[in-house]
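Engineer: Sharing a model that was predicted from the sequence below.
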Amino acid sequence: MSAPQPGGHDLAAVQLDVQLAHDAEAIGREAHSLMGRLYPHCRSLTGDGVRQTLAALQEFIPLELREVPSGSRAYDWVVPDEWNVRDAYVLDSKGNRVIDFRAHTLHLAGYSAPIDQRVSLRELLSHVSTDPAHPDWIPYRHLYYRDGWGFCMRHRDLGLLTEPEYRVVIDSTLRPGSLTYGELLLPGREEATVLVSTHTCHPSMCNDNLSGIVIAALLARELMKQPGRLSVRFVFAPATLGPLVWMSRNEDVLPHITAGIVVANAGDDGGATYIRSRRGSAIVDRAVEHVFAHAASTNASIRAFAPVGYDQRQYCSPGFNLPVGCLQRTPNGEYAQYHTSGDDTQFVTPRALGDSWRLLRLTFQVLDEDRTFLNLFPKGEPRLGPRGLHSLAETLGLFWILNYSDGDHSLLDIAERSGMPFWRILEGARRLESSGLLRDVTNQRAVQ
Amino acid sequence: MSAPQPGGHDLAAVQLDVQLAHDAEAIGREAHSLMGRLYPHCRSLTGDGVRQTLAALQEFIPLELREVPSGSRAYDWVVPDEWNVRDAYVLDSKGNRVIDFRAHTLHLAGYSAPIDQRVSLRELLSHVSTDPAHPDWIPYRHLYYRDGWGFCMRHRDLGLLTEPEYRVVIDSTLRPGSLTYGELLLPGREEATVLVSTHTCHPSMCNDNLSGIVIAALLARELMKQPGRLSVRFVFAPATLGPLVWMSRNEDVLPHITAGIVVANAGDDGGATYIRSRRGSAIVDRAVEHVFAHAASTNASIRAFAPVGYDQRQYCSPGFNLPVGCLQRTPNGEYAQYHTSGDDTQFVTPRALGDSWRLLRLTFQVLDEDRTFLNLFPKGEPRLGPRGLHSLAETLGLFWILNYSDGDHSLLDIAERSGMPFWRILEGARRLESSGLLRDVTNQRAVQ
Amino acid sequence: MSAPQPGGHDLAAVQLDVQLAHDAEAIGREAHSLMGRLYPHCRSLTGDGVRQTLAALQEFIPLELREVPSGSRAYDWVVPDEWNVRDAYVLDSKGNRVIDFRAHTLHLAGYSAPIDQRVSLRELLSHVSTDPAHPDWIPYRHLYYRDGWGFCMRHRDLGLLTEPEYRVVIDSTLRPGSLTYGELLLPGREEATVLVSTHTCHPSMCNDNLSGIVIAALLARELMKQPGRLSVRFVFAPATLGPLVWMSRNEDVLPHITAGIVVANAGDDGGATYIRSRRGSAIVDRAVEHVFAHAASTNASIRAFAPVGYDQRQYCSPGFNLPVGCLQRTPNGEYAQYHTSGDDTQFVTPRALGDSWRLLRLTFQVLDEDRTFLNLFPKGEPRLGPRGLHSLAETLGLFWILNYSDGDHSLLDIAERSGMPFWRILEGARRLESSGLLRDVTNQRAVQ
């Protein structure tokens, strides 16, 4: 006459979060290793560094590369000339490279025009950027949509420039070519689509944004294992211009995007941060908030949308207003290493990369598995005992599911209301459905 | 030229709360005494204990008893066989009753099947429940919808079972009969109905739920004194099955239920607790919240609906979604004596019973007297001086009433907005109506 | 290659708040001086004191005076006889004025009927009011809509009345005449109108309400300098009856009132206080809240509407429900000097008067300049660099404006959402409009 015990029930599904925590460790190490391989490439708005980066991802996922010719228009923007660099340096009178692109891609300002001439120290310094606040790090600069050239160096090394004249050599090309982006569609059972977007234009820096690139790629590989309800589109493209080019060529796809996440700064040791979509409480906003509440390992935080930051700005511009938020750890501009050579492979950790991957994976589960059921015994509570469900009622929130499965509440609604994790509610709904107590009415439900 | 004084005005109505506080003392003592009489009856899902309990209430109110035959269906449920007990005990070798139903009904697990046989100590113990955490109290157990038999005893008495074999005698019957519930309709001027429901199936325990039974009965007696605007229906029925049986036989009544309260655990010394209806801000939810804010004597608290607890679960199931909340003091499961013999006549106090009665009485007043008026002088404030109302303006919130009597706000709305107690606003509205400044438009107002 | 600097941009408009802070000092001194001139006049519901006050304002603004005959009706109210006083005093046996209206208008209760007779000390005292809590101040009393007479005096002077009999002389007239109010219309480009209302019936007290009178007059003078989008109506009228008379004669104007502010107690050193309109989030409520948040110099506070206080009660009565709030510093009844002779020229400071004027001026700017634009490049962010706007993007909230200029959000909406001051957002919108990125759609937008 003791209380009934949950016996031989298979509750594995309930513990997806536990399983993922285990997987995430291995994924984090793999992501960190991949990031190290991609680190040296000189990425920019265009050019071979981006192509090399995307090609490396093709070892993991069947990414399709697109080339968009210079001069192509995307709304208010134009694809610029393609930029490539073979070498760049500043030589002193003894022929020593006092600044050397080969030592670090950040030494050269992005989109620097080719040059080979002797310049006075004064002239040279007017083209050199340093960051006095962080004298040991090379800052990141670029000259997009401007002419000219520039070098960047550690502030503490400025004093090494003592000669009156230097030879400046930038062996770059800046001429018509194309912008390169990568795209991957994972078709689901429905046309409704989740967008995952990450920017590819930053040279040798890890958190911003090799972290987003590798996490998105390994998420894609994971989701390829088993097609879901929702379709998923991955976009790997240079910031700002990339998403605009992609949207301008895929306007027919946009109405199907029911959720989206921009991934960036996903590898530092700070807590996870999510910036809501402009809509504020889109399903993706609620899904991430739910995952943070029930599965974030550290102090995760949620912020309102603001038209600053990464490519959610473009996806959420008023002509699109897509439900796209942004997942980061420490947001752009809020860590000292941001946009400097301090953002290196040591700054980003396998643990943090794995954790970001895990949070995205759980969020995707919520998005994909959120369904709406109808309680077929809505008058009073049906008897769970004769159906062998009594012992699971509390663990799986069965009474919550039954009470709110009135056709107006999805499983995520019920999880939010009950305070229980989505994955338990999901398993509960599966049990109730198997027992004939629920019917799936997802597609009869009015779109939110 | 001093400020005008409220002179010979009759403000008795304003002080209903004060009057009730006085009445509540006497009611509390009477309720406690009645509870003592009902305590020994062996109540269960069915059987004579319930009939004896309801019959005792008929001394106070013209309760009608209903008998629903075993085998009758109520949605997903079926009325079981009726259970009655004449005697039950465990005898040792000397013929001593080592466990004795006559000493306390809780010694026998509810719905235990008849038996008379010798069993080994080991066998006996497999049928005995104790509560090690509370060794001095007999726990409450039942075997609803299961077969078998069981006894319950104080954990500290386990050691007294030292013999190798005992004789077990349960002189019960478990065969087709009926489920008994009590019902009382107090017709009001309108068909709109308040439901008061309380469960009757718990054997000798006071807070759960003789407290609810006696408070509901004495509230009914009070409300019978003067018919109100609203009709009131009282239901005294076994938990879960009772309300389902009642609803299944009264589906035509359900659409008229505009408010309802389940009463339980109404007699311990904790603060009052109210669990909102599933609708969350139904008029009953707002009325109780208002009464708690303005008249609760101790730290009262309000909770959101959850599909756990008492019969509000059934009333609020999605097929009904009735606006029914639950009034308790310390909620089920949150006090140590819950579902044990510790929940006795000492645990429940006259003061707490009286206070619960008072809160219900005030809530009923708010529900019954809430009306909507129209200010007949809506342009500017009408002059109160010439109408002899100036000195009452502040005490009775006259300017609040005038300002918000625009046809969209009821007296409860105005009380909430002004922060004043409903009973003052009510009296203010009566004065303004008498002076020709307001007209009652309650029934012209769109239903909420 | 350093970050672009905001160069020769004219950002004067952005700094309206700074400019106004400077103007407010001079305005505060001027207001205080004008208040000193108006202080001695014996204002009341009617009479020459009001006429003298309004005539003095005509030196600053073309105020139009209206005379409404005694006996005229205004909804539930009637204009009473006109009251004027030449002299009033109480004489002792030696012919000394022991109470003297000429020393302070507050010595005589408003609307005291004429009298000249000897009365016993006992009789006299039954007509004398003092304020024991503030023995050094003469309290303010009146006998509106009642008959009789009364004097007020400092409580500490009561002891000076030692003789058995006194001669009481009140040389007043109380006979058919008219109620006087002042009105000023500043036509704007639109019929939509802002109402500024202030009461004129209080005798020699400064905060209540010479402060409101002078601030409203100097605000009118300022707004006359340049017609705006909105029309503005100023009403200077006795409390309660005045607004009702004005509304009863201007019902055709009322539908055009889209915002209004009652000004009172605008000169004490307390923080600014705003009482919301009955609507609660009318544009005027949001505008004042915004100005308080971004420009209040001290701890400003916002309160909900309540049918108490000043003439917002009448404007917000349910038959009108105009969007009219009330700006004060320390509200009526919440400072010791309230309605006593302690409310004098020392109690009110130039600084506080200037600050109230500044807050009103800024609020008017928000109301007048709030417009709705449509982003003409809604797909993605348009390029700001080629349009010379890049360096202003952050200072002027350009991306906020572009993102939310979707036709549904006005500049105030955007200012609220971005957390930036309205005047920066306004300047940003002007720049974007000049650059062809925005189009003004204010009048195509559905009325709020």
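Structural biologist: Looks like it arrived, so ask away.
Engineer: what residues does chain A put near chain C?
Structural biologist: A:74-77, A:109, A:126-129, A:141, A:143, A:145, A:148, A:150, A:240, A:243-244, A:247-248, A:278, A:306-308, A:313-314, A:316-321 (C-beta under 8 Å from any C-beta of the partner chain). Every C-beta, even on glycine, is put in place using the N, C-alpha and C of the backbone.
Engineer: Buried residues, stretch A:311-320. List them.
Structural biologist: Neighbour-count burial for stretch A:311-320 flags A:D311, A:Q312, A:R313, A:Q314, A:Y315, A:C316, A:S317, A:P318, A:F320 (criterion: 16 or more other C-beta atoms under 10 Å in any protein chain shown).
Engineer: With stretch A:31-41 instead?
Structural biologist: In stretch A:31-41, counting by 16+ other C-beta under 10 Å, buried: A:A31, A:H32, A:L34, A:M35, A:L38, A:Y39, A:H41.
Engineer: out of the residues you listed, who's nearest A:R189?
Structural biologist: A:R189 lies nearest to A:A31 out of those, by C-beta to C-beta, at 28.6 Å.
Engineer: neighbouring contacts of the helix or strand hosting the closest one?
Structural biologist: For A:A31, the host element (DSSP states H and E) is helix A:16-38. Contacts with helix A:16-38, where a contact means C-beta atoms under 8 Å, 6 or more residues apart in numbering or on different chains, come from A:12, A:53, A:56, A:60, A:206, A:210-211, A:213-215, A:217-218, A:222, A:267, A:294-295, A:345, A:348-355, A:357-358, A:361-362, A:365, A:421, A:423.
Engineer: Could you list the low-confidence segments of chain A?
Structural biologist: A:1-16, A:445-448 (pLDDT under 70).
Engineer: same thing but at 80, please
Structural biologist: Along chain A, the parts satisfying pLDDT under 80 run over A:1-19, A:297-298, A:444-448.
Engineer: ranges for the helices of it?
Structural biologist: A:16-38, A:48-57, A:121-125, A:211-224, A:241-249, A:283-295, A:312-315, A:350-369, A:398-404, A:411-418, A:422-434 (DSSP state H).
Engineer: any idea which of those helices is most buried?
Structural biologist: Each of the helices of chain A was scored by mean neighbour count; the highest is helix A:312-315, a mean of 27, by mean count of other C-beta atoms under 10 Å in any protein chain shown.
Engineer: what packs against that one?
Structural biologist: Other helices and strands packing on helix A:312-315, by 3 or more C-beta pairs under 8 Å, 6 or more residues apart in numbering or on different chains; DSSP states H and E, are helix A:241-249, strand A:257-263, strand A:324-328.
Engineer: what do you get if the cut-off is 6 Å, keeping everything else the same?
Structural biologist: strand A:324-328 (3 or more C-beta pairs under 6 Å, 6 or more residues apart in numbering or on different chains; DSSP states H and E).
Engineer: What strands line up against the strand it packs on, and which way round?
Structural biologist: If you go by DSSP bridges, strand A:324-328 pairs up with strand A:257-263 (parallel), strand A:273-275 (antiparallel).
Engineer: Output that strand as PDB, restricted to C-alpha atoms.
Structural biologist: The C-alpha coordinates for strand A:324-328 follow below in PDB (Å, rounded to 0.1, in the frame of the first residue of the first chain):
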ATOM      1  CA  VAL A 324      15.100  36.800 -35.500                       C
ATOM      2  CA  GLY A 325      17.000  37.200 -32.200                       C
ATOM      3  CA  CYS A 326      20.700  37.000 -31.400                       C
ATOM      4  CA  LEU A 327      22.500  34.500 -29.200                       C
ATOM      5  CA  GLN A 328      25.800  35.500 -27.700                       C
END
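Engineer: What angle do helix A:211-224 and it make with each other?
Structural biologist: Between strand A:324-328 and helix A:211-224, the angle formed by their directions is 110 degrees, by axes from the mean of the first three to the mean of the last three C-alpha atoms, to 10 degrees.
Engineer: just the strands in the stretch 101-250 of chain A please.
Structural biologist: A:115-120, A:128-129, A:151-152, A:165-175, A:178-186, A:193-199, A:231-237 (DSSP state E, counting those that start in this stretch).
Engineer: Between those, which one is closest to chain B.
Structural biologist: Nearest to chain B among these is strand A:193-199 (30.0 Å), distances taken as C-beta to the nearest C-beta.
Engineer: same for that closest one, what does it pack against?
Structural biologist: helix A:211-224, strand A:231-237, strand A:257-263.
Engineer: Now render those as a markdown table, adding distance to A:T173.
Structural biologist: Listed next are the helices and strands packed on strand A:193-199 as a markdown table, based on distance: least, C-beta to C-beta, whole Å:
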| stretch | distance to A:T173 |
| --- | --- |
| helix A:211-224 | 25 |
| strand A:231-237 | 22 |
| strand A:257-263 | 31 |
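Engineer: Distance from the chain centre to the helix holding A:A31, please.
Structural biologist: Centre-to-centre, helix A:16-38 and its host chain are 15 Å apart (C-alpha atoms, centre = their mean, to the nearest Å).
Engineer: Between helix A:48-57 and it, find me the angle.
Structural biologist: Using the same axes, to 10 degrees, helix A:16-38 lies at 140 degrees relative to helix A:48-57.
Engineer: burial measure for the residue of the stretch 251-400 of chain A found nearest chain B, as a count.
Structural biologist: Nearest to chain B, among the residues of the stretch 251-400 of chain A, is A:P378, at 3.1 Å (C-beta to the nearest C-beta). Using other C-beta atoms under 10 Å in any protein chain shown, the number of residues around A:P378 comes to 19.
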